[in-house]
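>>> A predicted structure for the sequence below; I have some questions about it.
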Amino acid sequence: KNLTDYGAFVDLGGIDGLLHITDMAWKRIKHPSEVVEVGQEVTVKVLKFDRERNRVSLGLKQLGEDPWLAIMSRYPKGSIVKARVTNLTDYGCFAEIAEGVEGLVHVSEMDHTNKNIHPSKVVQIGDEVDVMVLEVDEERRRISLGIKQTRANPWEEFAKANEKDVDKAVQSAHDAFDSWSKISKAERADYLLEISRRIEENKEHLATVESLQNGKPYRETSTIDVPQVAEQFKYFAGVLTTDEGSVNQIDHNTMSLVVNEPVGVVGAVVAWNFPILLASWKLGPALAAGNTVVIQPSSSTPLSLIELAKIFQEVLPKGVVNVLTGKGSESGDAIFHHEGVDKLSFTGSTDVGYGVAQAGAERIVPTTLELGGKSANIIFDDANLEQVIEGVQLGILFNQGEVCSAGSRLLVQSSIYDELLPKLKEAFENIKVG
């Protein structure tokens with residue numbers, strides 16, 4: 001008889017019944033005209049009759065078989081099925097896996113490399129795609145689906161550099177050194193500021209990558225790690241503008257002139273606990289000083305440095321920064337023993353640090369090591385014990401304790417030892433793991 005945005009009115013012979021849009025078809029429809037039209041005769045089921053108010057609720061879909069019946073047995077968790085994309089939203093897309101059965105593909109389940117990607121960059125309405133069934137809630141008629149689980153993960157395989165790759169990277173750094181070391185400080189500062197700006201622009205993506213590869217909470221990578229990376233390059237851009245040598249007149253005929261010059265090619269390897277931040281600690285000052293760099297991330301966490309390298313590739317001249325991926329015991333070792341590397345820089349275990357120190361000593365090149373330790377909290381009897389407890393917990397639990405300077409020892413003045421120990425024990429027992 002009549003169509004509205006919310007349904008259709010049906011003449012039952014003197015009484016009008018409402019066929020609501022949600023009772024027209026098991027699948028989601030946007031307008032009743034997709035199912036019925038004015039003047040069409042239809043067979044309907046009476047769902048509810050309100051005699052007092054003279055209202056009748058009707059259903060059309062109820063005449064057919066409910067597609068949600070036994071849905072869990074037909075689409076078990078982990079199964080891969082064909083689906084048609086029916087709708088896009090900011091938080092994902094809806095996909096129909098059977099007539100009347102739609103599931104949600106959340107945006108975080110669409111792409112391996114970016115959990116905040118807009119759905120329109122992955123699929124379009126009408127696309128036929130493979131999806132994996134992630135969760136089924138038969139009672140609430142909800143299905144969670146995933147697209148990325150059916151596609152190859154580009155982060156599962158990485159190049160394993162060998163000695164020839166190290167040779168190429170070092171040669172590339174040498175080729176770039178002559179021009180990079182001679183440009184003005186102001187120009188180098190501009191490069192570093194542009195890198196900082198682009199890191200800030202891509203903060204969410206870089207933080208997501210860091211969390212996915214490393215496991216640390218996104219709240220830390222997005223508020224600590226990545227912002228500090230941007231700050232490193234900004235800081236050393238500022239340092240460049242204030243750097244100066246020194247002149248000292250020793251006597252009437254003698255003058256001492258000190259000029260700061262770049263070392264050459266820096267060979268660096270960083271650990272897995274703060275991958276992108278540790279890299280910035282090495283790259284910022286090295287580049288500011290006019291050096292070129294060959295750097296390798298931990299084989300466990302290469303992703304964020306690869307993403308950072310994409311920014312370098314767009315901003316810096318070719319060869320200024322060279323990123324290798326591989327095993328520390330192979331390509332990492334080759335970097336530290338390469339005759340073309342003029343300075344060594346390593347962050348990692350003390351055992352490996354011994355070998356790096358020896359490699360530097362054999363060739364008499366400057367070497368910087370940041371190794372693990374047993375850093376102590378020293379607590380005297382005039383300390384505020386509440387602040388002590390908070391500081392001790394932060395010192396050993398931050399980043400799950402994976403910090404070179406983690407406070408893994410307590411040196412407590414004997415007069416307050418018996419008072420502090422039970423308070424510390426209680427505080428640590430209240431920590432929720434996970």
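In hand now; what should we look at?

>>> Going by C-alpha atoms from here, please, whenever you check contacts or count neighbours.
Fine.

>>> Could I get the full set of strands for the stretch 101-250 of the chain?
Remark: strands assigned in the stretch 101-250 of the chain by DSSP state E, counting those that start in this stretch are 101-106, 128-137, 142-146, 246-251.

>>> hey, where'd the helices end up in this protein?
71-74, 163-180, 185-201, 203-214, 218-220, 226-242, 275-288, 303-315, 333-336, 350-363, 385-397, 414-429 (DSSP state H).

>>> can I assume residue 26 is in contact with residue 60?
No: if you go by CA atoms under 8 Å, residue 26 and residue 60 don't touch, sitting 9.3 Å apart.

>>> before we move on, back to that, format the strands of the stretch 101-250 of the chain as TSV; extra columns: distance to residue 176, mean neighbour count and mean pLDDT.
Below are the strands of the stretch 101-250 of the chain laid out as TSV (distance: least, CA to CA, whole Å; neighbours: other CA atoms under 10 Å; pLDDT from 0 to 100):
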stretch	distance to residue 176	mean neighbour count	mean pLDDT
strand 101-106	45	22	93
strand 128-137	46	19	95
strand 142-146	45	23	94
strand 246-251	28	10	91
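
>>> out of these, which comes closest to residue 194?
Nearest to residue 194, of all those, is strand 246-251, at 29.5 Å by CA to CA.

>>> What is that closest one packed up against?
strand 254-258 (3 or more CA pairs under 8 Å, 6 or more residues apart in numbering; DSSP states H and E).

>>> what mean pLDDT does the strand it packs on have?
Mean per-residue pLDDT for strand 254-258: 93.

>>> For residue 366, find the nearest of the strands of the stretch 101-250 of the chain.
The nearest among these, by CA to CA, is strand 246-251 at 21.9 Å.

>>> Between strand 254-258 and the closest one, find me the angle.
160 degrees (axes from the mean of the first three to the mean of the last three CA atoms, to 10 degrees).

>>> got JSON lines for the strands of the stretch 101-250 of the chain, with distance to residue 153 too?
Output for these, formatted as JSON lines (distance: least, CA to CA, whole Å):
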{"stretch": "strand 101-106", "distance to residue 153": "17"}
{"stretch": "strand 128-137", "distance to residue 153": "15"}
{"stretch": "strand 142-146", "distance to residue 153": "13"}
{"stretch": "strand 246-251", "distance to residue 153": "54"}
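
>>> Of the ones you listed, which is nearest residue 428?
strand 128-137 (35.7 Å).

>>> how near is the residue lying closest to residue 326 once chain neighbours are set aside to residue 323?
Spatial nearest neighbour of residue 326, excluding adjacent residues (CA to CA, 6 or more residues apart in numbering): residue 160 at 4.2 Å. Going from residue 160 to residue 323 by CA to CA, to the nearest Å gives 12 Å.

>>> Tell me which of these two has more neighbours.
Comparing residue 160 with residue 323 by other CA atoms under 10 Å, the one with more neighbours is residue 323, at 19 against 13.
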